[in-house]
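next one to model:
(4 chains)
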Number of protein chains: 2
Amino acid sequence: MEAATLKDIARELNISVSTVSRALRDSYEINAETKRLVMECAARLHYRPNPIALSLKGSSSKAIAVVVPQIANYYFSQAINGIEEVANRRGYDVLIFQTHETYEREVANLRQAVARRVDGVLISLSSETSDTSHLQELQQHGMPIVQFDRVSGELNTPRVVADNFGGAFAATDHLIKTGRRRIAHLTIQPWLSITQERLAGYRAALEQNGLPYDESLVRFGTFGPDEVGPLVDELMALTPRPDAFFTASDRLALGCLAALRQRRIAIPEEVSLVGFTNLTVADMLSPSLSTVVQPAMEIGQEAVSRLLDLIELKHRAAPPTTITIPTTMVLRESSQLAVGRFEEV
Amino acid sequence: MEAATLKDIARELNISVSTVSRALRDSYEINAETKRLVMECAARLHYRPNPIALSLKGSSSKAIAVVVPQIANYYFSQAINGIEEVANRRGYDVLIFQTHETYEREVANLRQAVARRVDGVLISLSSETSDTSHLQELQQHGMPIVQFDRVSGELNTPRVVADNFGGAFAATDHLIKTGRRRIAHLTIQPWLSITQERLAGYRAALEQNGLPYDESLVRFGTFGPDEVGPLVDELMALTPRPDAFFTASDRLALGCLAALRQRRIAIPEEVSLVGFTNLTVADMLSPSLSTVVQPAMEIGQEAVSRLLDLIELKHRAAPPTTITIPTTMVLRESSQLAVGRFEEV
DNA sequence: TTTATTTGCGCAAACGTTGTCGGGAACGTT
DNA sequence: AACGTTCCCGACAACGTTTGCGCAAATAAA
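This next block holds a predicted model:
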């Protein structure tokens, strides 16, 4: 039962290794009876082709790499679940790599992926990555690449993203419709595509509702656990002070929630709060958190589908499109009394 | 720059492939000057040994597999971070596999790991797994294995676990010391080692404090999101009704919190609540959640260290020990007014 | 019968690497 | 001068597969 090889089958049946190989691949030049014998023997010995040898041969390795900033993150782990599901269904293995948000690890991970002869790469850029030449080079060497979530415009690949603009627009519009006028926007690193799109959606909703876009209400950064408090103080010191916070991430929303509660600022009476993405505990918080939900699993599924198409059909000719997956707004207590859902295009 | 091989270096320098191989491995039978030339050329061509070819050769693949129930889980992703850190530092790659809590995927994952020629396996059993013959067989074929977190006694390998008994004891003892007498215990699948140990700790603390162990206060199961509510109703209907809940997982604690809040049962006035493990948002909940914290990263680091020792030193002779990593109790609002920390042995 | 064609299968090369063996050159020893 | 060493290095096999080529036997066409 120790890792049967073609050779074992060949020896058992007194035929050559090549015949066994061809029989298993159902080649036309092998006798039906021989095929039957080989199949039967292979089943009996629990034969499984050795993927390592296959990779070495240079053909496909039936494995893809997914490179994400971190897996200790509900959004990414959900995306990976979607990726695995589709990939496994289509006969591929998934190798998971974490960049821990550093450029250095991203490069190292990609090198690893190449070394392990993956057939393609699915990547969500680290927040440190601004230069994408490492990926461009990879692509020029013929590696199929699909970007998702954190994408770069420099890189000419298919992209699968959530509708960040639409989600931010919907959230901001909701806040305005419920009477808010001074809406602060706390967001992440400014050079990320998702940041820009969310900011644009926020801004568009303001302008469409005839409200001014005030730069002093927008803050960028990778706020550590202790940095949100001071930031909230700073914003609340403005005149007129903000009556709503729209944050571009889980962590920021949680930080705000904690900071506001600590400062005894009533949510949503004094300040409304809306987050972005789909923290599992959002509805168990107090107050429960209104959020723009990103369909992480669906994004993963869509991205991996594109990648596998690229690998299998070699559709390099097809223009790299950007696929936008709709987001959903979930209204909870932090932005209003009523609890309900509405879909957003 | 396209994946340089030994052959490329050999051609460039007009020497044989074997000489190049030996020069790079600093063999004593290669002239110093030749070595220098080879090294220089290898650096220039960005040569990296092909791990696939190495694996095929049968030597070590410098990769280990880590098989966990799921990565969309703070505990496991932290453990993986610890594993990756130590493994990378010691020159190994980490292949991550998810069982999604099913036996079937666990078997498939292990097969995959073997096919990819990993040097060893780090595993936390799926909740469906009661029979461990697949792992025993693997082990008999010489695969180094270390279990962590969810371990089986049937399987004779090193084990790295949190001090589940101690943590549960401390939590229960804390509840008793703060005046609680009817402490319900909500826990997971009864056949898991962690379940049994936590239950034992709970029971020991009761008995040591002269309180009876009441089976009707202990509930096992994989409670879905909608099942916790009814369960809480059921427990609260008992007479005398419970004045504290001690749960064996994140999800259960959150579920209880939500269910109790919905039912307007005051925490901690009417019912105290203590969870197990280290949800990031625990201190942002309302009320913030007292928990027994498991040092996930440390458990991962310890486990992978044992595995690499097993791989490298072939210390098969050493008796498989169980390493217990201490847990910590973090007291927050859900179990009392005061907020503080104390260490637990 | 001789000559084509098909059918079924084996040989050998290749993927990148390591390890075993063997051999030539230069040196030192009898 | 013949022999034994030491020092460097190359040829070859092997890991498990796939694949192009060739070869024999059987069948078909002349």
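
please make it C-alpha for all contacts and neighbour counts, starting now.
Will do.

what's around A:P268, how many residues?
For A:P268, the count of nearby residues is 17 (other CA atoms under 10 Å in any protein chain shown).

oops, could you answer that again for A:E269 instead?
Applying other CA under 10 Å, I find that A:E269 has 13 neighbouring residues.

what helix or strand is it on?
Counting by DSSP states H and E, A:E269 is held by no secondary-structure element, helix or strand.

next one: the one 4 residues further on
Using DSSP H and E, A:L273 maps to strand A:272-276.

and the first helix or strand past that strand going along the chain, what's buried?
Note on strand A:272-276: by DSSP H and E, the next helix or strand toward the C-terminus is strand A:290-293. The neighbour-count criterion (16 or more other CA atoms under 10 Å in any protein chain shown) identifies A:S290, A:T291, A:V292, A:V293 as the buried residues of strand A:290-293.

beta partners of the last one?
Meaning A:V293. A:T328 (DSSP bridges).

residues contacting it?
A:F276, A:T277, A:N278, A:T327, A:T328, A:M329, A:V330 (CA atoms under 8 Å, 6 or more residues apart in numbering or on different chains).

let me know the closest of those residues to chain B.
Using CA to the nearest CA, A:N278 comes nearest to chain B of these, at 12.5 Å.

and the buried residues of strand A:290-293 as CSV, adding pLDDT?
Below are the buried residues of strand A:290-293 laid out as CSV (pLDDT from 0 to 100):
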residue, pLDDT
A:S290, 91
A:T291, 92
A:V292, 94
A:V293, 92
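
which member of those is positioned nearest DNA strand C?
A:V293 (45.2 Å; CA to the nearest atom of the strand).

near DNA strand C, which residues of chain A show up?
Proximity of chain A to DNA strand C (CA under 7 Å from any atom of the strand) is limited to residues A:14-20, A:28-32, A:34-35, A:53, A:56-58.

try 6 Å
Selection of chain A residues close to DNA strand C by CA under 6 Å from any atom of the strand yields A:I15, A:S16, A:S18, A:T19, A:E29, A:I30, A:N31, A:T34, A:L56, A:K57, A:G58.

which strand or helix spans the first one?
Put plainly, it is A:I15. A:I15 belongs to no helix or strand, assigned by DSSP H and E.

check what pLDDT it gets.
pLDDT for A:I15: 92.

which residues touch it?
Here A:I15 is in contact with no residue (CA under 8 Å, 6+ apart).

pick out the lowest-pLDDT one from the contacts of A:V293.
A:N278 (70).

now it. Nearest residue, chain neighbours left out?
A:V293 (4.9 Å; CA to CA, 6 or more residues apart in numbering or on different chains).

for the one you found, give its distance to chain B.
To chain B, A:V293 is 17 Å away according to CA to the nearest CA, to the nearest Å.

same deal with A:S193?
24 Å.

neighbours of that residue, how many?
Neighbours around A:S193, by other CA under 10 Å: 18.

so it touches A:F148, yeah?
No. In this structure, A:S193 is not within contact of A:F148 by CA atoms under 8 Å, at 10.6 Å.

could I get the buried residues of strand A:290-293 as a markdown table with distance to A:A10?
Output for those, formatted as a markdown table (distance: CA to CA, whole Å):
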| residue | distance to A:A10 |
| --- | --- |
| A:S290 | 64 |
| A:T291 | 61 |
| A:V292 | 59 |
| A:V293 | 56 |
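
from those residues, which single one is nearest A:E104?
Proximity of these to A:E104 (CA to CA) peaks at A:V293, which lies at 30.6 Å.

which helix or strand contains A:C41?
Per DSSP H and E: helix A:32-44 holds A:C41.

just name the closest of the buried residues of strand A:290-293 to A:A170, please.
For those, the nearest to A:A170 is A:V292 (8.2 Å; CA to CA).

thought that closest one was touching A:G167?
Yes. At 6.0 Å, A:V292 counts as touching A:G167 under the criterion of CA under 8 Å.

residues in contact with both of the two, list them for me.
With CA under 8 Å, 6+ apart, A:V292 and A:G167 have common neighbours A:T327, A:T328, A:M329.

turn those into CSV, including distance to B:G300.
CSV is the format used below for the shared contacts of A:V292 and A:G167 (distance: CA to CA, whole Å):
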residue, distance to B:G300
A:T327, 36
A:T328, 36
A:M329, 37
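
and which of the residues you listed is nearest B:S286?
Taking the shared contacts of A:V292 and A:G167 together and measuring to B:S286 by CA to CA, the closest member is A:M329, at 23.0 Å.

roughly how far does the residue nearest to the closest one when sequence neighbours are not counted sit from A:S21?
Computed as CA to CA, 6+ apart, the closest residue to A:M329 that is not its neighbour in sequence is A:V292, at 4.5 Å. Here the criterion is CA to CA, to the nearest Å. By it, A:V292 lies 53 Å from A:S21.

which residues of the stretch 101-250 of chain A score low on pLDDT?
A:225 (pLDDT under 70).

in it, which residue sits closest to DNA strand D?
A:R117 (13.7 Å).

list the contacts for that residue?
A:R117 touches A:S55, A:S60, A:S61, A:A63, B:I52, counting by CA under 8 Å, 6+ apart.

what's the closest non-adjacent residue to the fourth one?
Among residues not flanking A:A63 along the chain, A:D93 sits closest, at 4.5 Å (CA to CA, 6+ apart).

one more: the second one?
Take A:S60 and drop its neighbours on the chain: the residue closest to it by CA to CA, 6+ apart is A:D119, 6.0 Å away.

all set now, cheers.
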